[in-house]
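**Q** no FASTA, just this:
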(Lines give C-alpha, C1' and ligand atoms only; values in the text may rest on other atoms or scores of the structure.)
Protein backbone atom coordinates (compact mmCIF):
# COMPACT_ATOMS: atom_id res chain seq x y z
CA UNK A 1 0.00 0.00 0.00
CA UNK A 2 2.91 2.33 0.73
CA UNK A 3 4.13 1.98 -2.87
CA UNK A 4 0.68 2.94 -4.13
CA UNK A 5 0.66 5.99 -1.85
CA UNK A 6 4.02 7.02 -3.23
CA UNK A 7 2.61 6.68 -6.73
CA UNK A 8 -0.24 9.01 -5.78
CA UNK A 9 2.18 11.61 -4.41
CA UNK A 10 4.36 11.27 -7.48
CA UNK A 11 1.43 11.67 -9.84
CA UNK A 12 0.14 14.73 -8.01
CA UNK A 13 3.52 16.41 -8.20
CA UNK A 14 3.67 15.92 -11.96
CA UNK A 15 0.68 18.08 -12.74
CA UNK A 16 2.51 21.26 -11.74
CA UNK A 17 5.49 20.46 -13.96
CA UNK A 18 5.92 21.94 -17.43
CA UNK A 19 7.35 18.67 -18.78
CA UNK A 20 5.18 15.94 -20.27
CA UNK A 21 4.06 13.12 -18.03
CA UNK A 22 4.60 9.51 -19.03
CA UNK A 23 2.74 6.72 -17.27
CA UNK A 24 4.22 3.35 -18.18
CA UNK A 25 3.70 -0.23 -17.07
CA UNK A 26 -0.08 -0.04 -17.31
CA UNK A 27 -2.63 -2.34 -18.87
CA UNK A 28 -4.27 0.35 -20.93
CA UNK A 29 -7.33 0.17 -23.16
CA UNK A 30 -8.99 2.74 -25.37
CA UNK A 31 -11.00 2.94 -28.54
CA UNK A 32 -9.38 4.57 -31.52
CA UNK A 33 -11.31 7.17 -33.50
CA UNK A 34 -12.87 4.41 -35.61
CA UNK A 35 -14.12 2.54 -32.57
CA UNK A 36 -11.55 -0.25 -32.56
CA UNK A 37 -10.32 -1.40 -29.15
CA UNK A 38 -6.57 -0.99 -28.75
CA UNK A 39 -4.29 -1.75 -25.83
CA UNK A 40 -1.18 0.07 -24.68
CA UNK A 41 1.33 0.15 -21.86
CA UNK A 42 2.45 3.80 -22.12
CA UNK A 43 0.40 7.00 -21.97
CA UNK A 44 2.09 10.38 -22.47
CA UNK A 45 0.26 13.68 -22.00
CA UNK A 46 1.21 17.32 -21.94
CA UNK A 47 -0.82 20.45 -21.40
CA UNK A 48 -3.72 18.28 -20.32
CA UNK A 49 -3.94 16.40 -23.64
CA UNK A 50 -2.64 13.09 -24.92
CA UNK A 51 0.47 13.38 -27.09
CA UNK A 52 1.22 9.66 -27.50
CA UNK A 53 0.08 6.18 -26.56
CA UNK A 54 1.90 3.00 -27.32
CA UNK A 55 4.05 0.24 -25.94
CA UNK A 56 7.78 -0.44 -25.53
CA UNK A 57 8.71 1.79 -28.47
CA UNK A 58 7.84 4.81 -26.29
CA UNK A 59 9.97 3.81 -23.31
CA UNK A 60 12.85 6.16 -24.17
CA UNK A 61 11.20 8.53 -26.65
CA UNK A 62 10.41 11.25 -24.09
CA UNK A 63 13.53 11.53 -21.89
CA UNK A 64 12.36 14.86 -20.46
CA UNK A 65 9.03 13.45 -19.28
CA UNK A 66 8.13 12.87 -15.68
CA UNK A 67 8.15 9.09 -15.50
CA UNK A 68 5.51 7.24 -13.53
CA UNK A 69 5.43 3.50 -12.92
CA UNK A 70 1.79 2.45 -13.24
CA UNK A 71 2.51 -0.76 -11.34
CA UNK A 72 0.57 -2.86 -13.86
CA UNK A 73 -2.73 -1.15 -13.00
CA UNK A 74 -5.57 -1.11 -15.56
CA UNK A 75 -5.98 2.29 -17.22
CA UNK A 76 -9.16 3.27 -19.08
CA UNK A 77 -10.53 6.49 -20.55
CA UNK A 78 -12.72 8.43 -18.16
CA UNK A 79 -16.27 7.13 -18.47
CA UNK A 80 -19.10 9.34 -19.70
CA UNK A 81 -22.63 9.20 -18.34
CA UNK A 82 -24.83 10.32 -21.21
CA UNK A 83 -27.95 10.86 -19.10
CA UNK A 84 -27.99 11.93 -15.48
CA UNK A 85 -29.22 14.73 -13.26
CA UNK A 86 -26.25 16.34 -11.57
CA UNK A 87 -28.06 18.61 -9.13
CA UNK A 88 -30.59 15.86 -8.49
CA UNK A 89 -27.76 13.52 -7.56
CA UNK A 90 -26.31 16.10 -5.20
CA UNK A 91 -29.71 16.67 -3.65
CA UNK A 92 -30.21 12.94 -3.15
CA UNK A 93 -26.84 12.65 -1.44
CA UNK A 94 -27.88 15.41 0.98
CA UNK A 95 -31.51 14.43 1.72
CA UNK A 96 -33.32 11.34 3.01
CA UNK A 97 -32.59 8.33 0.79
CA UNK A 98 -35.44 5.82 0.46
CA UNK A 99 -33.85 3.55 -2.13
CA UNK A 100 -34.40 -0.18 -1.47
CA UNK A 101 -36.58 0.42 1.61
CA UNK A 102 -38.87 -2.62 1.98
CA UNK A 103 -42.23 -1.01 2.81
CA UNK A 104 -44.10 2.28 3.02
CA UNK A 105 -44.11 2.06 6.81
CA UNK A 106 -40.33 1.59 7.01
CA UNK A 107 -39.86 4.47 4.55
CA UNK A 108 -42.06 6.73 6.68
CA UNK A 109 -40.05 5.82 9.77
CA UNK A 110 -36.81 6.75 8.00
CA UNK A 111 -38.35 10.09 7.02
CA UNK A 112 -39.28 10.69 10.67
CA UNK A 113 -35.72 9.92 11.81
CA UNK A 114 -34.30 12.26 9.17
CA UNK A 115 -36.74 15.02 10.19
CA UNK A 116 -35.77 14.64 13.85
CA UNK A 117 -32.12 15.08 12.90
CA UNK A 118 -32.88 18.20 10.81
CA UNK A 119 -35.16 20.33 12.95
CA UNK A 120 -34.03 23.43 11.03
CA UNK A 121 -35.68 22.31 7.77
CA UNK A 122 -39.09 23.78 6.95
CA UNK A 123 -39.72 21.09 4.30
CA UNK A 124 -38.61 17.47 4.44
CA UNK A 125 -37.57 16.11 1.05
CA UNK A 126 -36.34 12.75 -0.11
CA UNK A 127 -36.19 10.34 -2.99
CA UNK A 128 -36.01 6.68 -3.91
CA UNK A 129 -39.24 4.95 -2.82
CA UNK A 130 -40.46 2.21 -5.10
CA UNK A 131 -43.77 0.51 -4.37
CA UNK A 132 -42.86 -2.34 -6.73
CA UNK A 133 -40.44 -3.57 -4.05
CA UNK A 134 -43.07 -3.57 -1.30
CA UNK A 135 -45.12 -6.64 -0.36
CA UNK A 136 -48.47 -5.14 -1.48
CA UNK A 137 -46.95 -3.21 -4.44
CA UNK A 138 -49.50 -0.46 -3.70
CA UNK A 139 -48.90 3.27 -3.88
CA UNK A 140 -48.27 4.78 -0.42
CA UNK A 141 -50.61 7.30 1.23
CA UNK A 142 -50.39 10.63 3.00
CA UNK A 143 -51.88 8.95 6.07
CA UNK A 144 -48.88 6.63 6.32
CA UNK A 145 -46.59 9.67 6.45
CA UNK A 146 -48.88 11.60 8.80
CA UNK A 147 -48.50 8.87 11.39
CA UNK A 148 -44.80 9.77 11.74
CA UNK A 149 -44.54 13.40 10.67
CA UNK A 150 -47.44 15.82 10.41
CA UNK A 151 -46.06 19.15 11.63
CA UNK A 152 -43.99 19.88 8.51
CA UNK A 153 -44.71 19.30 4.80
CA UNK A 154 -43.07 16.23 3.30
CA UNK A 155 -42.47 15.59 -0.40
CA UNK A 156 -40.73 12.38 -1.48
CA UNK A 157 -39.89 11.69 -5.11
CA UNK A 158 -40.35 8.18 -6.47
CA UNK A 159 -37.14 6.46 -7.59
CA UNK A 160 -37.82 7.37 -11.24
CA UNK A 161 -38.64 10.99 -10.45
CA UNK A 162 -42.09 10.68 -12.05
CA UNK A 163 -44.25 10.65 -8.93
CA UNK A 164 -44.23 12.27 -5.49
CA UNK A 165 -45.51 10.97 -2.17
CA UNK A 166 -46.61 13.77 0.14
CA UNK A 167 -48.18 14.09 3.56
CA UNK A 168 -51.42 15.88 4.43
CA UNK A 169 -49.56 19.05 5.45
CA UNK A 170 -48.14 19.34 1.93
CA UNK A 171 -51.53 18.64 0.33
CA UNK A 172 -53.10 21.37 2.46
CA UNK A 173 -50.41 23.93 1.67
CA UNK A 174 -50.87 23.21 -2.05
CA UNK A 175 -54.64 23.43 -1.75
CA UNK A 176 -55.12 19.97 -3.21
CA UNK A 177 -58.61 18.71 -2.42
CA UNK A 178 -61.28 16.47 -3.89
CA UNK A 179 -62.24 19.33 -6.21
CA UNK A 180 -58.72 19.89 -7.59
CA UNK A 181 -58.53 18.96 -11.28
CA UNK A 182 -55.71 16.86 -12.69
CA UNK A 183 -53.28 19.23 -14.43
CA UNK A 184 -52.29 18.57 -18.07
CA UNK A 185 -49.68 15.80 -18.13
CA UNK A 186 -50.34 14.87 -14.51
CA UNK A 187 -52.58 12.79 -12.31
CA UNK A 188 -53.65 13.04 -8.69
CA UNK A 189 -54.13 9.55 -7.28
CA UNK A 190 -57.48 9.40 -5.45
CA UNK A 191 -59.38 6.95 -3.27
CA UNK A 192 -62.82 5.56 -4.07
CA UNK A 193 -64.50 8.71 -2.76
CA UNK A 194 -62.31 10.96 -4.91
CA UNK A 195 -60.10 12.23 -2.11
CA UNK A 196 -56.36 12.70 -2.90
CA UNK A 197 -54.39 9.84 -1.38
CA UNK A 198 -51.00 11.56 -1.27
CA UNK A 199 -49.40 10.40 -4.55
CA UNK A 200 -49.00 12.88 -7.41
CA UNK A 201 -47.98 11.58 -10.84
CA UNK A 202 -45.72 13.59 -13.19
CA UNK A 203 -46.92 17.19 -13.69
CA UNK A 204 -49.29 16.92 -10.73
CA UNK A 205 -46.35 17.01 -8.34
CA UNK A 206 -45.63 20.57 -9.49
CA UNK A 207 -48.63 21.60 -7.39
CA UNK A 208 -46.47 20.82 -4.36
CA UNK A 209 -42.86 21.10 -5.53
CA UNK A 210 -43.47 24.64 -6.80
CA UNK A 211 -43.87 25.61 -3.13
CA UNK A 212 -40.44 24.34 -2.08
CA UNK A 213 -38.02 27.04 -0.86
CA UNK A 214 -36.10 28.72 -3.65
CA UNK A 215 -32.71 27.14 -4.26
CA UNK A 216 -29.88 29.36 -3.02
CA UNK A 217 -26.37 29.68 -4.41
CA UNK A 218 -25.04 27.95 -1.29
CA UNK A 219 -27.49 25.09 -1.84
CA UNK A 220 -26.42 24.69 -5.47
CA UNK A 221 -22.78 24.74 -4.41
CA UNK A 222 -23.33 21.99 -1.87
CA UNK A 223 -25.28 19.86 -4.34
CA UNK A 224 -22.76 20.24 -7.16
CA UNK A 225 -19.79 19.55 -4.91
CA UNK A 226 -21.45 16.44 -3.46
CA UNK A 227 -22.40 15.15 -6.90
CA UNK A 228 -18.96 15.85 -8.33
CA UNK A 229 -17.19 14.05 -5.52
CA UNK A 230 -19.37 11.00 -6.02
CA UNK A 231 -19.04 10.93 -9.81
CA UNK A 232 -15.27 11.15 -9.64
CA UNK A 233 -15.17 8.28 -7.14
CA UNK A 234 -16.93 5.96 -9.61
CA UNK A 235 -14.84 6.95 -12.63
CA UNK A 236 -17.18 9.41 -14.38
CA UNK A 237 -15.26 12.33 -15.85
CA UNK A 238 -18.10 13.77 -17.94
CA UNK A 239 -21.85 13.87 -17.36
CA UNK A 240 -24.70 14.88 -19.65
CA UNK A 241 -27.08 16.79 -17.38
CA UNK A 242 -30.57 16.01 -18.65
CA UNK A 243 -32.61 19.14 -18.05
CA UNK A 244 -31.40 22.30 -16.29
CA UNK A 245 -33.16 25.51 -15.32
CA UNK A 246 -31.95 29.00 -16.12
CA UNK A 247 -30.65 29.28 -12.56
CA UNK A 248 -28.44 26.23 -12.96
CA UNK A 249 -27.44 27.44 -16.47
CA UNK A 250 -26.10 30.62 -14.86
CA UNK A 251 -24.51 28.81 -11.93
CA UNK A 252 -22.57 26.40 -14.12
CA UNK A 253 -21.10 29.34 -16.02
CA UNK A 254 -20.12 30.95 -12.73
CA UNK A 255 -18.34 27.78 -11.65
CA UNK A 256 -16.54 27.33 -14.97
CA UNK A 257 -15.33 30.94 -14.77
CA UNK A 258 -13.89 30.06 -11.37
CA UNK A 259 -12.30 26.90 -12.86
CA UNK A 260 -14.13 24.90 -10.19
CA UNK A 261 -16.46 22.54 -12.04
CA UNK A 262 -15.68 19.12 -10.50
CA UNK A 263 -16.35 17.17 -13.72
CA UNK A 264 -17.08 17.99 -17.35
CA UNK A 265 -20.77 18.75 -17.83
CA UNK A 266 -22.86 18.75 -20.99
CA UNK A 267 -26.11 20.36 -19.78
CA UNK A 268 -29.38 20.24 -21.69
CA UNK A 269 -31.56 23.30 -21.19
CA UNK A 270 -34.98 22.28 -19.92
CA UNK A 271 -37.66 22.83 -22.55
CA UNK A 272 -40.03 23.77 -19.74
CA UNK A 273 -37.92 26.74 -18.64
CA UNK A 274 -40.01 29.89 -19.17
CA UNK A 275 -37.01 31.69 -20.68
CA UNK A 276 -36.12 28.94 -23.15
CA UNK A 277 -36.37 31.18 -26.21
CA UNK A 278 -34.08 33.82 -24.70
CA UNK A 279 -31.53 31.20 -23.65
CA UNK A 280 -31.49 29.75 -27.18
CA UNK A 281 -30.90 33.20 -28.63
CA UNK A 282 -27.72 33.48 -26.55
CA UNK A 283 -26.25 30.69 -28.66
CA UNK A 284 -23.88 27.92 -27.62
CA UNK A 285 -21.83 28.09 -24.42
CA UNK A 286 -18.35 26.58 -24.62
CA UNK A 287 -15.31 27.12 -22.40
CA UNK A 288 -11.77 26.77 -23.67
CA UNK A 289 -10.98 23.77 -21.46
CA UNK A 290 -14.13 21.89 -22.50
CA UNK A 291 -15.53 21.62 -19.00
CA UNK A 292 -18.87 23.10 -20.02
CA UNK A 293 -20.71 22.80 -23.32
CA UNK A 294 -24.31 23.98 -23.68
CA UNK A 295 -25.84 23.38 -27.09
CA UNK A 296 -28.82 21.13 -26.45
CA UNK A 297 -32.36 21.12 -25.07
CA UNK A 298 -34.09 18.41 -23.04
CA UNK A 299 -37.83 18.03 -23.67
CA UNK A 300 -40.31 15.76 -21.93
CA UNK A 301 -42.55 13.33 -23.75
CA UNK A 302 -44.10 11.11 -21.12
CA UNK A 303 -43.75 9.63 -17.66
CA UNK A 304 -42.19 6.38 -16.49
CA UNK A 305 -43.19 2.74 -16.71
CA UNK A 306 -43.08 2.05 -12.98
CA UNK A 307 -45.65 4.74 -12.16
CA UNK A 308 -47.69 3.88 -15.30
CA UNK A 309 -47.05 7.33 -16.73
CA UNK A 310 -45.22 6.13 -19.87
CA UNK A 311 -47.44 6.83 -22.89
CA UNK A 312 -48.42 3.58 -24.62
CA UNK A 313 -50.10 2.85 -27.94
CA UNK A 314 -52.36 0.32 -26.17
CA UNK A 315 -53.42 0.26 -22.51
CA UNK A 316 -51.27 -1.14 -19.75
CA UNK A 317 -51.58 -4.89 -19.41
CA UNK A 318 -52.06 -4.52 -15.65
CA UNK A 319 -54.25 -1.38 -15.84
CA UNK A 320 -56.53 -1.68 -18.88
CA UNK A 321 -58.12 1.71 -18.26
CA UNK A 322 -54.76 3.51 -18.47
CA UNK A 323 -52.51 4.25 -21.47
CA UNK A 324 -50.17 6.67 -19.71
CA UNK A 325 -49.84 10.37 -20.39
CA UNK A 326 -47.90 12.94 -22.38
CA UNK A 327 -46.09 15.58 -20.32
CA UNK A 328 -45.84 17.87 -23.33
CA UNK A 329 -49.16 18.40 -25.10
CA UNK A 330 -49.23 17.11 -28.64
CA UNK A 331 -50.18 20.57 -29.87
CA UNK A 332 -46.93 21.90 -28.39
CA UNK A 333 -44.65 19.43 -30.17
CA UNK A 334 -44.39 21.26 -33.49
CA UNK A 335 -43.63 24.77 -32.15
CA UNK A 336 -41.12 23.37 -29.64
CA UNK A 337 -39.24 21.23 -32.17
CA UNK A 338 -39.22 24.05 -34.72
CA UNK A 339 -37.95 26.57 -32.18
CA UNK A 340 -35.07 24.43 -30.91
CA UNK A 341 -33.93 23.09 -34.27
CA UNK A 342 -34.20 26.46 -36.02
CA UNK A 343 -31.79 27.90 -33.43
CA UNK A 344 -29.24 25.18 -34.23
CA UNK A 345 -29.57 23.36 -30.90
CA UNK A 346 -29.59 19.61 -30.51
CA UNK A 347 -32.98 18.34 -29.26
CA UNK A 348 -33.01 15.45 -26.77
CA UNK A 349 -36.53 14.19 -26.10
CA UNK A 350 -37.56 12.00 -23.16
CA UNK A 351 -39.67 9.10 -24.47
CA UNK A 352 -40.24 5.86 -22.58
CA UNK A 353 -43.51 4.41 -23.89
CA UNK A 354 -44.07 3.29 -27.49
CA UNK A 355 -46.67 6.02 -28.10
CA UNK A 356 -44.30 8.73 -26.87
CA UNK A 357 -41.49 7.34 -29.03
CA UNK A 358 -43.69 7.29 -32.11
CA UNK A 359 -44.97 10.84 -31.54
CA UNK A 360 -41.41 12.09 -31.09
CA UNK A 361 -40.16 10.36 -34.24
CA UNK A 362 -43.14 11.69 -36.20
CA UNK A 363 -42.39 15.24 -35.11
CA UNK A 364 -38.67 14.95 -35.83
CA UNK A 365 -39.50 13.76 -39.33
CA UNK A 366 -41.96 16.61 -39.88
CA UNK A 367 -39.68 19.33 -38.50
CA UNK A 368 -36.63 18.11 -40.42
CA UNK A 369 -38.55 18.63 -43.66
CA UNK A 370 -39.39 22.22 -42.79
CA UNK A 371 -36.57 23.63 -40.60
CA UNK A 372 -33.75 21.07 -41.01
CA UNK A 373 -31.52 19.96 -38.17
CA UNK A 374 -31.26 16.27 -39.01
CA UNK A 375 -27.46 16.42 -38.60
CA UNK A 376 -27.61 17.84 -35.04
CA UNK A 377 -27.19 14.37 -33.47
CA UNK A 378 -30.63 14.67 -31.91
CA UNK A 379 -31.50 12.06 -29.32
CA UNK A 380 -34.37 10.18 -27.76
CA UNK A 381 -33.66 9.88 -24.06
CA UNK A 382 -34.51 6.37 -22.79
CA UNK A 383 -36.11 4.87 -25.96
CA UNK A 384 -37.27 2.26 -23.51
CA UNK A 385 -40.35 0.65 -25.09
CA UNK A 386 -40.37 1.10 -28.87
CA UNK A 387 -42.63 -0.47 -31.46
CA UNK A 388 -40.65 -2.81 -33.72
CA UNK A 389 -41.94 -0.74 -36.66
CA UNK A 390 -40.32 2.39 -35.22
CA UNK A 391 -36.85 1.10 -34.37
CA UNK A 392 -35.57 1.46 -37.99
CA UNK A 393 -36.75 5.08 -38.00
CA UNK A 394 -34.07 5.98 -35.45
CA UNK A 395 -31.43 5.16 -38.06
CA UNK A 396 -33.19 6.74 -41.04
CA UNK A 397 -33.77 9.97 -39.09
CA UNK A 398 -30.27 10.01 -37.51
CA UNK A 399 -31.74 9.88 -34.02
CA UNK A 400 -29.44 8.57 -31.29
CA UNK A 401 -31.03 6.23 -28.73
CA UNK A 402 -29.71 7.46 -25.37
CA UNK A 403 -30.34 4.51 -23.06
CA UNK A 404 -29.60 3.30 -19.54
CA UNK A 405 -28.66 -0.37 -19.10
CA UNK A 406 -29.54 -0.60 -15.41
CA UNK A 407 -33.13 0.40 -16.22
CA UNK A 408 -33.58 -3.03 -17.75
CA UNK A 409 -32.26 -4.91 -14.74
CA UNK A 410 -34.26 -2.71 -12.36
CA UNK A 411 -37.45 -2.98 -14.41
CA UNK A 412 -37.30 -6.69 -15.23
CA UNK A 413 -39.55 -7.62 -12.30
CA UNK A 414 -42.40 -5.35 -13.38
CA UNK A 415 -41.96 -4.60 -17.11
CA UNK A 416 -43.81 -7.68 -18.36
CA UNK A 417 -46.63 -6.99 -15.91
CA UNK A 418 -46.94 -3.47 -17.31
CA UNK A 419 -46.76 -4.16 -21.05
CA UNK A 420 -46.98 -7.92 -21.63
CA UNK A 421 -44.56 -10.21 -23.46
CA UNK A 422 -45.32 -9.04 -27.01
CA UNK A 423 -44.34 -5.41 -26.42
CA UNK A 424 -41.16 -6.50 -24.66
CA UNK A 425 -39.74 -7.41 -28.08
CA UNK A 426 -39.04 -3.72 -28.68
CA UNK A 427 -38.10 -2.89 -25.10
CA UNK A 428 -34.58 -2.28 -23.76
CA UNK A 429 -33.50 -3.41 -27.22
CA UNK A 430 -29.81 -2.47 -27.21
CA UNK A 431 -28.56 -5.21 -29.51
CA UNK A 432 -31.36 -4.58 -32.02
CA UNK A 433 -30.36 -0.92 -32.24
CA UNK A 434 -26.68 -1.83 -32.59
CA UNK A 435 -27.39 -4.44 -35.27
CA UNK A 436 -29.05 -1.85 -37.48
CA UNK A 437 -26.12 0.56 -37.06
CA UNK A 438 -27.45 3.03 -34.50
CA UNK A 439 -24.83 4.44 -32.11
CA UNK A 440 -25.86 4.03 -28.48
CA UNK A 441 -25.15 6.62 -25.81
CA UNK A 442 -25.26 4.98 -22.40
CA UNK A 443 -25.85 6.51 -18.99
CA UNK A 444 -27.51 5.70 -15.69
CA UNK A 445 -30.22 8.35 -15.23
CA UNK A 446 -28.72 9.02 -11.80
CA UNK A 447 -30.13 9.45 -9.19
CA UNK A 448 -32.96 7.28 -10.55
CA UNK A 449 -30.34 4.54 -10.75
CA UNK A 450 -26.98 4.46 -9.01
CA UNK A 451 -24.36 6.44 -10.90
CA UNK A 452 -21.66 3.75 -10.92
CA UNK A 453 -20.98 3.08 -14.64
CA UNK A 454 -19.59 -0.38 -13.92
CA UNK A 455 -23.09 -1.35 -12.83
CA UNK A 456 -24.25 -0.24 -16.29
CA UNK A 457 -21.46 -2.10 -18.09
CA UNK A 458 -22.33 -5.24 -16.13
CA UNK A 459 -26.06 -4.94 -16.90
CA UNK A 460 -25.40 -4.35 -20.61
CA UNK A 461 -23.23 -7.46 -20.94
CA UNK A 462 -25.10 -9.89 -18.66
CA UNK A 463 -28.71 -8.58 -18.66
CA UNK A 464 -28.60 -9.53 -14.97
CA UNK A 465 -28.85 -7.67 -11.68
CA UNK A 466 -25.94 -7.62 -9.26
CA UNK A 467 -27.15 -10.86 -7.70
CA UNK A 468 -26.68 -12.50 -11.11
CA UNK A 469 -30.39 -12.90 -11.66
CA UNK A 470 -32.08 -14.12 -13.70
CA UNK A 471 -29.88 -17.05 -14.66
CA UNK A 472 -28.86 -16.60 -18.28
CA UNK A 473 -30.01 -12.98 -18.32
CA UNK A 474 -33.33 -11.22 -18.93
CA UNK A 475 -34.12 -11.16 -22.67
CA UNK A 476 -30.50 -12.26 -23.27
CA UNK A 477 -30.67 -11.79 -27.04
CA UNK A 478 -30.42 -8.03 -26.39
CA UNK A 479 -27.12 -8.36 -24.48
CA UNK A 480 -23.96 -6.63 -25.72
CA UNK A 481 -20.28 -7.48 -25.73
CA UNK A 482 -18.07 -5.69 -23.21
CA UNK A 483 -16.42 -3.74 -26.05
CA UNK A 484 -19.78 -2.58 -27.38
CA UNK A 485 -20.90 -1.50 -23.91
CA UNK A 486 -17.56 0.23 -23.27
CA UNK A 487 -17.98 2.17 -26.51
CA UNK A 488 -21.46 3.33 -25.44
CA UNK A 489 -19.99 4.76 -22.21
CA UNK A 490 -17.04 6.42 -23.98
CA UNK A 491 -16.73 7.18 -27.70
CA UNK A 492 -20.42 7.10 -28.63
CA UNK A 493 -21.46 8.98 -25.51
CA UNK A 494 -18.98 11.66 -26.55
CA UNK A 495 -20.36 11.55 -30.11
CA UNK A 496 -23.86 12.16 -28.74
CA UNK A 497 -22.53 15.44 -27.29
CA UNK A 498 -20.55 16.54 -30.39
CA UNK A 499 -17.40 15.82 -28.37
CA UNK A 500 -15.96 12.71 -30.00
CA UNK A 501 -12.96 14.69 -31.31
CA UNK A 502 -11.91 15.70 -27.79
CA UNK A 503 -13.35 13.10 -25.39
CA UNK A 504 -14.31 9.45 -25.23
CA UNK A 505 -10.86 7.95 -25.70
CA UNK A 506 -7.14 8.45 -25.23
CA UNK A 507 -5.96 9.00 -28.78
CA UNK A 508 -3.59 11.82 -29.65
CA UNK A 509 -5.11 15.28 -29.23
CA UNK A 510 -7.90 14.28 -26.85
CA UNK A 511 -8.01 15.41 -23.26
CA UNK A 512 -6.15 13.15 -20.85
CA UNK A 513 -9.24 12.06 -18.96
CA UNK A 514 -8.59 8.59 -17.56
CA UNK A 515 -9.09 6.27 -14.63
CA UNK A 516 -7.05 3.56 -12.96
CA UNK A 517 -9.09 0.56 -11.79
CA UNK A 518 -8.44 -2.60 -9.86
CA UNK A 519 -9.40 -5.25 -12.42
CA UNK A 520 -9.43 -5.83 -16.17
CA UNK A 521 -13.05 -5.57 -17.34
CA UNK A 522 -12.10 -7.10 -20.70
CA UNK A 523 -10.76 -10.36 -19.29
CA UNK A 524 -12.64 -11.03 -16.04
CA UNK A 525 -15.87 -12.98 -15.82
CA UNK A 526 -18.74 -10.72 -16.94
CA UNK A 527 -20.66 -11.24 -13.70
CA UNK A 528 -17.77 -9.57 -11.82
CA UNK A 529 -17.68 -6.34 -13.86
CA UNK A 530 -19.90 -4.46 -11.42
CA UNK A 531 -17.41 -5.02 -8.59
CA UNK A 532 -14.72 -2.91 -10.31
CA UNK A 533 -13.24 -0.28 -8.00
CA UNK A 534 -11.85 3.04 -9.19
CA UNK A 535 -8.41 3.80 -7.74
CA UNK A 536 -7.69 7.12 -9.47
CA UNK A 537 -9.61 9.59 -11.63
CA UNK A 538 -7.83 12.18 -13.78
CA UNK A 539 -9.31 15.00 -15.85
CA UNK A 540 -7.19 16.99 -18.28
CA UNK A 541 -3.99 15.45 -16.96
CA UNK A 542 -4.77 16.40 -13.35
CA UNK A 543 -5.67 14.02 -10.58
CA UNK A 544 -9.15 14.64 -9.16
CA UNK A 545 -9.80 11.54 -7.07
CA UNK A 546 -7.68 8.96 -5.27
CA UNK A 547 -9.13 6.03 -3.37
CA UNK A 548 -7.96 5.86 0.23
CA UNK A 549 -5.93 2.77 1.11
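**A** Perfect, I can see it now. Nothing here was measured: the structure is a model prediction, and the numbers come from that model.
**Q** CA only for contacts and neighbour counts going forward, please
**A** Will do.
**Q** residue contacts, residue 238?
**A** By C-alpha atoms under 8 Å, 6 or more residues apart in numbering, the contact list for residue 238 reads 78-81, 263-266.
**Q** For beta bridges, what are the partners of it?
**A** Counting by DSSP bridges, residue 238 is bridged to residue 80, residue 264.
**Q** Report the separation between it and residue 228.
**A** Going from residue 238 to residue 228 by C-alpha to C-alpha, to the nearest Å gives 10 Å.
**Q** try residue 437
**A** From residue 437 to residue 228 the distance is 33 Å (C-alpha to C-alpha).
**Q** Comparing those two, which residue is more hemmed in?
**A** Set residue 437 next to residue 228 and count neighbours by other C-alpha atoms under 10 Å: residue 228 wins out with 24 against 12.
**Q** Where does the prediction get shaky in this structure?
**A** 1-17, 549 (pLDDT under 70).
**Q** mind running it again at 80?
**A** Along the chain, segments meeting pLDDT under 80 span 1-18, 215, 549.
**Q** mind listing what residue 33 touches?
**A** 491, 505, 507.
**Q** Turn the residues you listed into JSON lines, including neighbour count, distance to residue 89 and secondary structure.
**A** Output for these, formatted as JSON lines (neighbours: other C-alpha atoms under 10 Å; distance: C-alpha to C-alpha, whole Å; DSSP: H, G, I helix; E, B strand; the rest coil):
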{"residue": "491", "neighbour count": "30", "distance to residue 89": "24", "secondary structure": "helix"}
{"residue": "505", "neighbour count": "30", "distance to residue 89": "25", "secondary structure": "coil"}
{"residue": "507", "neighbour count": "23", "distance to residue 89": "31", "secondary structure": "coil"}
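**Q** Serialize these to JSON lines and add fields for distance to residue 358.
**A** As requested, the contacts of residue 33 are exported to JSON lines (distance: C-alpha to C-alpha, whole Å):
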{"residue": "491", "distance to residue 358": "27"}
{"residue": "505", "distance to residue 358": "33"}
{"residue": "507", "distance to residue 358": "38"}
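**Q** The residue nearest the centre of the chain: what's its closest spatial neighbour, skipping adjacent residues?
**A** Nearest to the geometric centre of the chain sits residue 84, at 2.3 Å (C-alpha atoms, centre = their mean). Counting by C-alpha to C-alpha, 6 or more residues apart in numbering, residue 84 lies nearest to residue 445, which is 4.2 Å off, once chain neighbours are set aside.
**Q** ok now do the one you found, which residues does it touch?
**A** So residue 445 contacts 83-85, 404, 451 (C-alpha under 8 Å, 6+ apart).
**Q** same thing with residue 376?
**A** 344-347.
**Q** what about 6 Å?
**A** residue 346 (C-alpha atoms under 6 Å, 6 or more residues apart in numbering).
**Q** separation between it and residue 501?
**A** For residue 376 relative to residue 501 (C-alpha to C-alpha), the value is 15 Å.
**Q** for residue 291, same thing?
**A** 14 Å.
**Q** Need the phi and psi values for residue 304.
**A** phi -120, psi 160 (degrees, to the nearest 10).
**Q** is it true that it touches residue 323?
**A** No - using C-alpha atoms under 6 Å, residue 304 makes no contact with residue 323, being 11.7 Å away.
**Q** Who has more neighbours out of the two?
**A** residue 304 (23 against 19).
**Q** Report the contact partners of the nearest residue to that one once chain neighbours are set aside.
**A** Among residues not flanking residue 304 along the chain, residue 310 sits closest, at 4.5 Å (C-alpha to C-alpha, 6+ apart). By C-alpha under 6 Å, 6+ apart, the contact list for residue 310 reads 302-304, 324, 352-353.
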